[in-house]
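**Q** Pasting the sequence and the predicted coordinates here, then a few questions.
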Amino acid sequence: VEASIPEELREAWKKHSATEFKNKDEFERDLVRHIETTLARSMYNCDELAAYSGTALAFRDRLIIEWNKTQQRQTFKDQKRIYYLSLEFLMGRTLDNAMLNVGLKDAARDGLSDLGFQIEDVINQEHDAALGNGGLGRLAACFLDSMATLNYPAWGYGLRYRYGIFKQEIVNGYQVEVPDYWLDNNPWEFPRHEITVDIQFYGNVKKYQDESGKIAHSWEDGEIVQAIAYDVPIPGYGTKTTNNLRLWSSKASSGEFDFQKFNAGEYESAVADQQRAETISAVLYPNDNLEQGKELRLKQQYFWCAASLFDIIRRFKKTKRAWGEFPDQVAIQLNDTHPALAIVELQRILIDKEGLEWDEAWTIVTKTFGYTNHTVLPEALEKWSVPLMQNLLPRHLQIIYDINMFFLQSVEKRFPNDRDILSRVSIIEESHPKMVRMAYLAIIGSHKVNGVAELHSDLLKTTLFKDFVKIYGPDRFTNVTNGITPRRWLHQANPRLSALIAEKLGSYDFLRDLTLLDKLEAFVDDKAFREEWAVIKRENKLRLARHIKATTGYDVNPNALFDVQVKRIHEYKRQQLNIFGVIHRYLSIKAMSAEEKKKVVPRVSIFGGKAAPGYWMAKTIIHLINKVADVVNKDPDVGDLLKVIFIADYNVSKAEIICPASDISEHISTAGTEGSGTSNMKFVLNGGLIIGTCDGANIEITREISEQNIFLFGNLAEDVEELRHRHFYGDFKLDPHLERVFNAIKDNMFGDKADFSALTSSIEDHGDYYLVSDDFNSYITTHEMVDEAFQNKEEWLAKSITSVARMGFFSMDRVTNEYADSIWNVEPLDVTD
Ligand code: GPQ
């Protein structure tokens, strides 16, 4: 049915069209109206949560008005759109970001104050939207902010998990996972009950002859689950563009199947079916850089890919264009291989439903997709068992086999004398059971493949995807070094630093063009400016100290050097190296005379991060950190010289408090293991220095800010293989300082040594895969240089300011423009035209 209002009635609509509040008074009007009507509260029972909800609803009205206009404009202009497919969107809080992007935070502050509320307290009522694990999910969220800010017509597509990443509690030093039910009080989503897609699973494939006598396939029977759209408006900073993030929720289809059961009196079993369907979008898999091959995860992937593609195609079909124009209208970016089934699904729709020839369809498919790889870690590369896929998605498996056959035929033609290459590059791994290699499928089905930092992209080309470079040539493979949105990670997280920079540069333009920061370098020697810079860092440290006091009970000295490592807990990220370094420091202090202690630079070692619930070694590392904290923090021999803090439940909103408060942060992965890292950028942008290995984007950060301003240590990626090889053949000697640390652990200094034996023996007895011992000496001597440097306050400040001035390259806007030019071939669209 056509839902459009006839021309002659539209004047009445226009007369009453919704309007946006533009100042404090209008904000107050909208806020009070929402509290008194939408929320059914009044001035007699309005707590901070209600004030938050009312404020969020008032801003939501604004966003949705702009969202509507943007969508109408984008539809009318009918340009090519970007579709960013990601199983994770680690959004964090929305209200503060919305206020800043819309440019009405001051109006809201004053309005709330008139009505009896402090804006900070109101903002703090919001629950994080934590639909992601770590860097990969946060990158997707930074993309959304940047694409809207740069006026790209772009949609995010994801899953609306009922439970995001778990909340982490620390009980007796152990991580305990608590479900995160985040949907209560979430005003930022719009259920679109009218936008649904039926998704099929299981069943079987029938071959038949179509009217023209051609062999065709149809996928029949099985079960149907319904996908329902939930839309989240994504405002850009300082622009009217408000894009859409569409999240799919699963529900039992209301088809005949259920009715038959109801009619047969099988009420309970009908409800069980309902629940099984809802399970698909129930929970985010809490693994970072790890794939477990669970059937439910594959169901999630197909459910989301199929719903998103159906939606994209529905939109394309409305334009009545020929299929050949599809890649001129649609760019789909695959955030890792999680959405690689979208490649197969598009091919299936084109050949089975739309009747295109294989080659014609495949050309469209490969022109449409781009694939971003985020890791070289083997345990993170997705492989799906063939029998599992055969059962769940029988037609897709056939198509994968056909894609593989055509691909291998072309490889054989080009390399007739290389028999091995076929098994090496085959999408199907000939193991028991056979496995579908999703990264290979993603490469073969895309026109561009990119890594996320230079070293990472080079490693992809020379190791993991080497054969594919030989087959396709180097042009299919490219690098786009990650970035971060300066709106959230500078302006929102560190408003005072942002204001100081704006004052010096004469405007907030740097938030839209971060390269303008380079003008700050002219002020490095300005005494008053340096002093203000130092004051802001100190206040940010005090803010974190208050958070630490409130959550752990520990007092930390704000004059101490704040040394921070916050990220997912993983052996390759080497929090164990850090905590062993802390123990080394503790033992050294314990052995000092009173006179020697006077020379020690006081430190607070701050850790934060979640371990995957089934990752025992990571949980052991968390346990050790907490046990060391128990001992060190109570030791009168140490006092203020060393404190160890584990901040529980690290998430985006905590990162916003932590990043601006660091003096130094740790990015110390074994060389060659971290794709890029993005918190390294967040810390430097907030005036912290970093200690790191030559890994991921640390390398480009060094290039930009210069070697003088970063503390690098450890073995290089090119030497890692050789070292591991040597360890394997028994050539391993535990570093003597590390031996002293291990002896302390084995003396039960931090509780029962048995609790940590897996950790120490992974190094001593099992080959030290992550080179903790090899890098230990270099690590602790570099920390001595950090202490030394920190004592020279003026030089430290100069390093801090210079580094910030040189961080322009790491803006997400540079990243988005690079993808737009080299992968998507899309142009921005001014929605006010
Ligand atoms: N990353 Cl494969 C994740 O956060 N989760 C994952 O499952 C995989 C990668 C990260 C990667 O470890 C970081 O080095 C990157 O900076 C980040 O993706 C974004 O590219």
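**A** Arrived safely, thanks for sending.
**Q** For N578, see how far away the closest residue to the ligand within the stretch 1-150 of the chain is.
**A** Relative to the ligand, the nearest point of the stretch 1-150 of the chain is G135 (3.0 Å; Cβ to the nearest ligand atom). In this view, the C-beta of every residue, glycine as well, is placed from N, C-alpha and C. Separation of G135 from N578 (Cβ to Cβ, to the nearest Å): 18 Å.
**Q** more neighbours, these two?
**A** Comparing G135 with N578 by other Cβ atoms under 10 Å, the one with more neighbours is G135, at 26 against 22.
**Q** Quick one: residues contacting the closest residue to the more buried one other than its chain neighbours.
**A** In space, and not counting its chain neighbours, G135 is closest to T678: 5.2 Å by Cβ to Cβ, 6 or more residues apart in numbering. With contact set as Cβ atoms under 8 Å, 6 or more residues apart in numbering, T678 has these partners: 135, 138-139, 142, 482-484, 697.
**Q** Strands - which of these land there?
**A** Per DSSP state E, strands hold no members of the contacts of T678.
**Q** Need the per-residue pLDDT for the residue nearest to G135.
**A** We have a pLDDT of 98 for T678.
**Q** Please report how far it lies from A453.
**A** Applying Cβ to Cβ, the value for T678 to A453 is 10 Å.
**Q** Next, please give the residue ranges for the strands of the stretch 251-400 of the chain.
**A** For the stretch 251-400 of the chain, strands defined by DSSP state E, counting those that start in this stretch occupy the ranges 330-335, 369-372, 383-385.
**Q** Equivalent analysis for the stretch 101-250 of the chain, please.
**A** Applying DSSP E, counting those that start in this stretch to the stretch 101-250 of the chain gives strands spanning 129-131, 154-159, 167-171, 174-178, 190-201, 204-209, 215-220, 223-235, 242-252.
**Q** and this structure, which residues reach the ligand?
**A** Neighbours of the ligand within the chain, by Cβ under 6 Å from any ligand atom: 133-136, 139, 288-289, 336, 374-375, 380, 452, 482, 674-678, 696.
**Q** Just name the shakiest helix or strand of this structure by mean pLDDT.
**A** Ranked by mean pLDDT, DSSP states H and E, the weakest helix or strand in the chain is helix 256-263, scoring a mean of 66.
**Q** what's the model's confidence in the longest helix along the chain, averaged?
**A** Looking across the chain with DSSP state H, the single longest helix is helix 48-77. Helix 48-77 carries an average pLDDT of 97.
**Q** other SSEs contacting that helix?
**A** Secondary-structure packing of helix 48-77 (3 or more Cβ pairs under 8 Å, 6 or more residues apart in numbering; DSSP states H and E): helix 24-33, helix 95-102, helix 105-114, helix 119-123, strand 223-235, strand 242-252.
**Q** What ranges in this structure fall below the confidence cut-off?
**A** Judged by pLDDT under 70, the chain has its weakly predicted residues at 1-2, 255-259.
**Q** what about 50?
**A** In the predicted model, the chain carries pLDDT under 50 at residues 1.
**Q** mind checking the backbone torsions on whichever residue of the stretch 501-650 of the chain sits closest to the ligand?
**A** Relative to the ligand, the nearest point of the stretch 501-650 of the chain is R568 (6.9 Å; Cβ to the nearest ligand atom). When read as degrees, to the nearest 10, the backbone of R568 gives phi -50, psi 140.
**Q** ok, now which ones touch it?
**A** Contacts for R568 (Cβ under 8 Å, 6+ apart) come out as 133-135, 288-289, 609-612.
**Q** doesn't G730 fall inside a helix?
**A** No: G730 is assigned coil when assessed by DSSP: H, G, I helix; E, B strand; the rest coil, not a helix.
**Q** For Q333, see how far away it is.
**A** With Cβ to Cβ as the criterion, G730 and Q333 are 46 Å apart.
**Q** Neighbour count for these two, which is higher?
**A** Q333 (25 against 7).
**Q** how close does the more buried one sit to the ligand?
**A** Distance of Q333 to the ligand, given as Cβ to the nearest ligand atom, to the nearest Å: 12 Å.
**Q** That residue and R81 touch, don't they?
**A** No: here Q333 lies out of contact with R81, judged by Cβ atoms under 8 Å, at a distance of 11.3 Å.
**Q** I'd like the strands of the stretch 251-400 of the chain laid out as JSON lines, including distance to W219.
**A** Compiled in JSON lines, these are given as follows (distance: least, Cβ to Cβ, whole Å):
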{"stretch": "strand 330-335", "distance to W219": "22"}
{"stretch": "strand 369-372", "distance to W219": "22"}
{"stretch": "strand 383-385", "distance to W219": "18"}
